[in-house]
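Engineer: could you look at this predicted model? Sequence included:
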Amino acid sequence: MKLFGKLLLTALLLTMASTAMASSLERIQENGILTLGVSEGVAGFSAPDSNGRWVGFDVDMGRAVAAAVLKDQEAIKFVPLASKQKIVAVSSGQVDLVSRTTTWTMKRDGKQGVDFTVVVFYDGQGFMVKKELGVTKGTDLDGASVAVVSGTTSELNVADFARLNNIKLETVVFDSKKEAFNAYVAGRTDAFTTDVSQLASLRTSAPNPADHIILSETFSKEPLAPYVRHGDNQWKDLVTWVLYGLIEAEEKGITQANVLEMREKSTDPVVKRMLGASGDIGSFVNLDNDWLVRAIQAVGNYGEIYNRHFGPDTTMNIPRGHNDLWTRGGLLYAMPIR
């Protein structure tokens, strides 16, 4: 009887846990708010503007989800997270979704209680140095000190780089990117290392950006992806397909300006399904059929989001490269929406 009781209790607990995890969408809709984990301020990705409104590439990914789920891109509570906090914040339920320059790794995916959705930015780690140092490649930094952020993949990557190239690097660890970058700018270290996109972002905040160069080599793979709590399958599916929808919208020529016209006039069967003019794909993610229309109306397609924050008219000016569509030689490829 004791064994039966234990088995019954275990089954009950599993059922309760499953129900709790499956109810995230319902809870978010009932509360009318999406709690979104973002960075503490990385230009181009997520940072408050002069009016205190959060803007950036990662922010727009969150706004697209809020528009699809809550019919309001502004229905978001932003939670700034340090690098060492970001995984725990979502695995513990403090936030519903993290959209914050986080690399999809095996350890995080398999052991740290989170599930990644879609890679939205393909990046790689690099070095920033002062131009006056005369360094042209990473191996020239033998014996140098390098600022690095704790709780990131950068720590392991830079150690691997040093071992692989048989050089010595003195890593100086800081709690945040801003702290690490400011220490480097102040001359406390010879170099600073993190993802190349973030090096470009932080360089714009230096007193004299032209005094700093980003070395051309990258020495790691950094696929950045939003993520949710592990086992939250319904919520993960929904976020995943919103993000795929933004990528597919660019491929199909659906923009923020023409999305309603495309819904009414397009004869492309895929476009008609995506925008709810035919079929019932909204039911696949427990939403109505206008979910993707709202997301695109809120922030545009993937290309529009990218150009808004990293395009040639921005201070970042990061070429698309790997972050272009597969049809143009990039790595972006949406799964079929059908």
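Structural biologist: Okay, I see it. Numbering: from 1, shown residues only.

Engineer: I figured S201 hits F45, correct?
Structural biologist: Yes. The criterion here is C-beta atoms under 8 Å, and S201 meets it with F45 at 6.7 Å. (Each C-beta comes from the backbone N, C-alpha and C, glycine too.)

Engineer: hey, what's in contact with both of those two?
Structural biologist: Common contacts of S201 and F45 (C-beta atoms under 8 Å, 6 or more residues apart in numbering): none found.

Engineer: tell me who's in contact with L260.
Structural biologist: L260 neighbours (C-beta under 8 Å, 6+ apart): 293, 297.

Engineer: my read is it is in a strand, agree?
Structural biologist: No. Assigned with DSSP: H, G, I helix; E, B strand; the rest coil, L260 falls outside any strand and is helix.

Engineer: gap between it and Y184?
Structural biologist: From L260 over to Y184 the distance is 48 Å, taken as C-beta to C-beta, to the nearest Å.

Engineer: just K177 next, same as before
Structural biologist: Taking C-beta to C-beta, one finds K177 at 10 Å from Y184.

Engineer: before we move on, what about P223?
Structural biologist: Counting by C-beta to C-beta - P223 and Y184 are separated by 25 Å.

Engineer: comparing the two, which shows the higher neighbour count?
Structural biologist: Y184 (26 against 18; other C-beta atoms under 10 Å).

Engineer: distance of the more buried one from V172?
Structural biologist: 9 Å.

Engineer: mutual contacts of the two, please.
Structural biologist: What both Y184 and V172 touch, as defined by C-beta under 8 Å, 6+ apart, is the set A147.

Engineer: in what helix or strand does D115 lie?
Structural biologist: Assigned by DSSP states H and E, D115 belongs to strand 114-116.

Engineer: show the average pLDDT along that strand.
Structural biologist: Averaged across strand 114-116, the pLDDT comes to 97.

Engineer: got the CA coordinates for stretch 61-79 in PDB?
Structural biologist: Output of stretch 61-79 as PDB, limited to C-alpha atoms (Å, rounded to 0.1, in the frame of the first residue of the first chain):
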ATOM      1  CA  MET A  61      11.300  39.900 -31.200                       C
ATOM      2  CA  GLY A  62       9.500  40.200 -27.900                       C
ATOM      3  CA  ARG A  63       7.100  42.800 -29.200                       C
ATOM      4  CA  ALA A  64       6.200  40.500 -32.100                       C
ATOM      5  CA  VAL A  65       5.300  37.700 -29.500                       C
ATOM      6  CA  ALA A  66       3.300  40.200 -27.400                       C
ATOM      7  CA  ALA A  67       1.400  41.400 -30.500                       C
ATOM      8  CA  ALA A  68       0.600  37.800 -31.600                       C
ATOM      9  CA  VAL A  69      -0.500  36.600 -28.100                       C
ATOM     10  CA  LEU A  70      -1.900  39.700 -26.400                       C
ATOM     11  CA  LYS A  71      -2.900  41.800 -29.500                       C
ATOM     12  CA  ASP A  72      -0.700  44.600 -28.000                       C
ATOM     13  CA  GLN A  73       3.000  45.000 -28.600                       C
ATOM     14  CA  GLU A  74       3.300  47.300 -25.600                       C
ATOM     15  CA  ALA A  75       1.900  44.700 -23.200                       C
ATOM     16  CA  ILE A  76       5.400  43.800 -21.900                       C
ATOM     17  CA  LYS A  77       7.100  44.100 -18.600                       C
ATOM     18  CA  PHE A  78      10.800  44.400 -19.300                       C
ATOM     19  CA  VAL A  79      13.200  42.800 -16.900                       C
END
